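# Using only what follows, build the 3D model:
(one chain, ligands or ions: 1)
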Amino acid sequence: MIPIMVSRRATSVQYSAIREVFDRAPKDALNMGIGEPDFGPPESLRRGLQEAIRRGLYRYGPTKGLPELRQGIADMLRSRAPGITADNIMVTCGATQGVMTSFQALFDPSSEVLVPDPGFVLYPPDALLVDAEPVPYYLWEEDGFEPRPDQVQNLLSPRTDGMVVNSPGNPTGGVISKGTVKALAELAEDHGFIIISDEVYDNFVYEGEHASFLPYLENSVVVNSFSKCLGIPGWRIGYLVADTGIIDQLAKVSYYGIACPSTPIQYAVAIALEEIEDHMRDHRREYDRRRRLMVETLNTIPGFRCAPPKGAFYCFPSYDQDASCLELANRIISAGVICIPGCAFGDAGDGHLRFSYAASPEVISNGLERVRSVVEGMPRLSSAACGLRKGKPC
Ligand SMILES: Cc1ncc(COP(=O)(O)O)c(C=O)c1O
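Model prediction:
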């Protein structure tokens, strides 16, 4: 029973289905549901945090973040967008706060915000929590899950104030090309809306290269995080990059949410910034190996199809078994393997499952053998019926 004083906003959102999957899974399950790297922080970062404690950094810091960290982030990003300075940066408590604060600062109750479907679980609830309306734009497997600018254009209305783009993408692993980034930035410029570009997997690209919205800050806010690239999702630290006028508005809103990001964590990250590329190089190579293993194995499972994802650390195969993704995921979870049903990421995710390869090769191989034994013998759909399941070919 919901107490009467709970807001309509609160009841408009549910817990993420991902959380429910983890609550249901057997304790000893093989975990391919996970959305965080299985490597930890580099040594310099651990030492930096110890030093911060030794130095007694226990006070509030500036709302926009410690100046040395903002400067360090700007220096790191300058090769992607030469004009960036510390004034374009605001440090956040992870990308989760970065996205929410952007929504609060940029959208009104009348706003429509385009969100990817399938797309990460934050975006539609964040729109609802600021009384804006999330409008899904579909991503297609045959396009490598890149948005189609012409379809996006068809969804624009006088109320469109924003669009969320996520590349490399969760759950799809899709990576957007430079051409698509440019086309979407031009659309935003022509139609007067802002792009919120979630680039938390920018260091996890295995084919091609990451195309950022950083060169288009007149029309975009870039969200990023140290959770994935430094292996510290529990430390809760990330950042926003935007035009200086927008940064001031974001900071005002952020103050009322968090006051400031954690001072010792910022101090440590500022020390480790220069190491991100070295830290990532080996991990990226290892993740690429796991990616290939997972794609290869998935494609040997009857009815499963998985094009190699170019980035992030997820595979998002389609399947033709006659079962909703929730049903199939439940059977797989009961067999002791954690995966996430595609519909957790929007209606267009039905007919898919998400498997994370931030897991050891043994877990990937053994887990997918269990998946094979679950689906073998299950009734299959014809390709026409399969297409009807979600209005697009599977
Ligand atoms: C696409 C995407 N954006 C944002 C986040 C949240 O990142 P953070 O830990 O920085 O809040 C995640 C976490 O899985 C993610 O996958």
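# Buried residues, the lengthiest helix in the chain. List them.
Criterion DSSP state H: the longest helix present in the chain is helix 276-298. Neighbour-count burial for helix 276-298, counted by 16 or more other Cβ atoms under 10 Å, picks out 276, 279-280, 283-284, 287-288, 290-291, 294-295, 297-298. In this view, the C-beta of every residue, glycine as well, is placed from N, C-alpha and C.
# C-terminal to it, what's the next element?
strand 304-305 (DSSP states H and E).
# contacts for that following strand?
Strand 304-305 has contacts (Cβ atoms under 8 Å, 6 or more residues apart in numbering) with Leu298, Asn299, Pro317, Ser318, Tyr319, Val375, Cys394.
# possible to save the residues you listed as JSON lines with distance to the ligand, secondary structure and pLDDT?
Formatted as JSON lines, the contacts of strand 304-305 follow (distance: Cβ to the nearest ligand atom, whole Å; DSSP: H, G, I helix; E, B strand; the rest coil; pLDDT from 0 to 100):
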{"residue": "Leu298", "distance to the ligand": "20", "secondary structure": "helix", "pLDDT": "98"}
{"residue": "Asn299", "distance to the ligand": "24", "secondary structure": "coil", "pLDDT": "98"}
{"residue": "Pro317", "distance to the ligand": "18", "secondary structure": "coil", "pLDDT": "97"}
{"residue": "Ser318", "distance to the ligand": "20", "secondary structure": "strand", "pLDDT": "96"}
{"residue": "Tyr319", "distance to the ligand": "22", "secondary structure": "strand", "pLDDT": "96"}
{"residue": "Val375", "distance to the ligand": "26", "secondary structure": "helix", "pLDDT": "96"}
{"residue": "Cys394", "distance to the ligand": "23", "secondary structure": "coil", "pLDDT": "37"}
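# Quick one: buried ones out of those?
Leu298, Pro317, Ser318, Tyr319, Val375, Cys394.
# Let's have the residues you listed in a markdown table, adding distance to Glu141.
Output for these, formatted as a markdown table (distance: Cβ to Cβ, whole Å):
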| residue | distance to Glu141 |
| --- | --- |
| Leu298 | 13 |
| Pro317 | 9 |
| Ser318 | 6 |
| Tyr319 | 12 |
| Val375 | 19 |
| Cys394 | 8 |
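# what's the distance between the nearest residue to Ala52 once chain neighbours are set aside and the ligand?
Among residues not flanking Ala52 along the chain, Pro264 sits closest, at 3.6 Å (Cβ to Cβ, 6 or more residues apart in numbering). In this view, Pro264 and the ligand are 18 Å apart by Cβ to the nearest ligand atom, to the nearest Å.
# May I ask which helix or strand encompasses Pro264?
Assessed by DSSP H and E, Pro264 sits inside helix 263-272.
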